[in-house]
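Peer 1: Here is a sequence together with a model predicted from it:
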Amino acid sequence: MRLIVARCEVRYSGRLEALLPEALRLLMIKSDGSVMVHADTGGFKPQNWMTPPTVIELERGGVPVPEVASGFPDLGGVRTVTEARAAAAGLGLVEEEPTPAERAAADQAAAAAAAVIDEPLSKIVVRKRAGSTEDRLDIVISEVVSDVFHDMGEAAALEKSGVERELQELLADAPHHCGDGFRLVRREWPTDIGPVDLMCRDEDDGWVAVEIKRVGTIDAVEQLSRYLERMRDDPGMGDIKGVLAAQSIKPQARVLAESRGLGWVEVDLDVLRGDREPALKLFEL
């Protein structure tokens with residue numbers, strides 16, 4: 001992960017136009033290509049962001065530099081400024097003896113990195129395809145206060161506790177509470193931005209992703225939308241649907257879910273536990 005504290009202007013273009021005037025901000029660039037722009041106010045939400053997959057281009061001193069989505073120099077394993085300088089000094093970072101062609105390529109890459117390694121970061125451009133259009137963040141940097149890298153290693157999976165964990169277990173055993181004819185395929189279906197609580201098939205054998213919360217909020221709808229966006233990149237899941245399941249769902253979340261074509265359902269924990277019979281519906285006598 002790369003964390004940059006910088007005085008910068010952030011301009012978003014794509015489906016709409018938005019501008020964050022120049023100010024001191026925290027830029028967070030994750031190894032999966034996520035980019036977030038934070039201020040020192042506003043709680044945990046970024047002022048602007050871009051979810052993967054993204055293409056990230058950087059400039060130092062106005063010159064484009066070969067850096068990848070994680071923000072690390074693209075030098076075949078050279079991931080820090082110290083290592084880039086060491087490579088440029090010919091201190092030998094490759095364990096096996098390189099071929100002449102490999103040595104020449106490494107020298108060229110190291111020289112390119114060394115030439116701009118001391119220049120200040122001046123611009124970050126983040127691009128992402130969105131259907132037939134392109135979303136774009138242009139971050140123009142006037143001053144860098146701090147620029148650090150952290151190797152976060154392998155992230156441990158989220159372990160839910162309390163009500164949400166119990167809801168997930170009970171709904172996995174009885175997925176029809178999330179929708180008529182639903183049958184479970186897998187719990188904690190993996191995606192590159194986090195696991196989907198339940199992956200199911202519906203009556204027509206279509207894919208359905210179910211996100212489970214104690215309280216369904218707008219943030220829960222956004223989370224489910226992000227999962228669906230990533231999974232629809234898979235040709236076999238282009239028509240995947242989404243359902244938000246919770247004990248209670250906020251009215252605003254219901255409106256947002258319906259506007260995005262997502263289903264929602266409120267579930268009764270006592271009914272799922274078998275402590276109470278489900279309420280009878282009209283004509284269900």
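Peer 2: Right, received. Where do you want to start? Note that this is a predicted model, so its numbers are computed, not measured. Numbers count the residues shown, from 1 in each chain.
Peer 1: can you give me the strands in the chain?
Peer 2: For the chain, applying DSSP state E gives strands covering 2-13, 17-29, 35-38, 48-50, 55-60, 63-65, 121-130, 133-149, 183-189, 196-201, 207-216, 241-249, 263-266.
Peer 1: show me what contacts residue 14?
Peer 2: 130, 133, 134, 135, 136 (Cβ atoms under 8 Å, 6 or more residues apart in numbering). For every residue, glycine as well, the C-beta is placed using N, CA and C.
Peer 1: just those now: which is nearest residue 196?
Peer 2: Residue 196 lies nearest to residue 130 out of the contacts of residue 14, by Cβ to Cβ, at 21.4 Å.
Peer 1: Please tell me how far that closest one sits from residue 51.
Peer 2: Using Cβ to Cβ, to the nearest Å, we find residue 130 at a distance of 10 Å from residue 51.
Peer 1: who's more crowded, the two?
Peer 2: A count of neighbours by other Cβ atoms under 10 Å puts residue 51 above the other of residue 130 and residue 51, at 18 against 11.
Peer 1: Would you list the phi and psi of residue 120?
Peer 2: Per-residue torsions, residue 120: phi -70, psi 150 (degrees, to the nearest 10).
Peer 1: and the nearest residue to it once chain neighbours are set aside, how many residues sit next to it?
Peer 2: For residue 120, ignoring the flanking residues on the chain, the nearest one in space by Cβ to Cβ, 6 or more residues apart in numbering is residue 144 at 5.4 Å. Counted with other Cβ under 10 Å, the neighbours of residue 144 add up to 16.
Peer 1: show me the contacts for residue 144.
Peer 2: 4, 5, 6, 120, 121.
Peer 1: could I get the contacts of residue 14 as JSON lines with pLDDT and distance to residue 200?
Peer 2: Converted to JSON lines, those look like this (pLDDT from 0 to 100; distance: Cβ to Cβ, whole Å):
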{"residue": "130", "pLDDT": "70", "distance to residue 200": "27"}
{"residue": "133", "pLDDT": "81", "distance to residue 200": "32"}
{"residue": "134", "pLDDT": "88", "distance to residue 200": "33"}
{"residue": "135", "pLDDT": "90", "distance to residue 200": "30"}
{"residue": "136", "pLDDT": "93", "distance to residue 200": "36"}
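Peer 1: Just the buried ones from those?
Peer 2: 135, 136 (16 or more other Cβ atoms under 10 Å).
Peer 1: What is the nearest of the contacts of residue 14 to residue 173?
Peer 2: The nearest one, if we look at those relative to residue 173 and count by Cβ to Cβ, is residue 130, at 37.8 Å.
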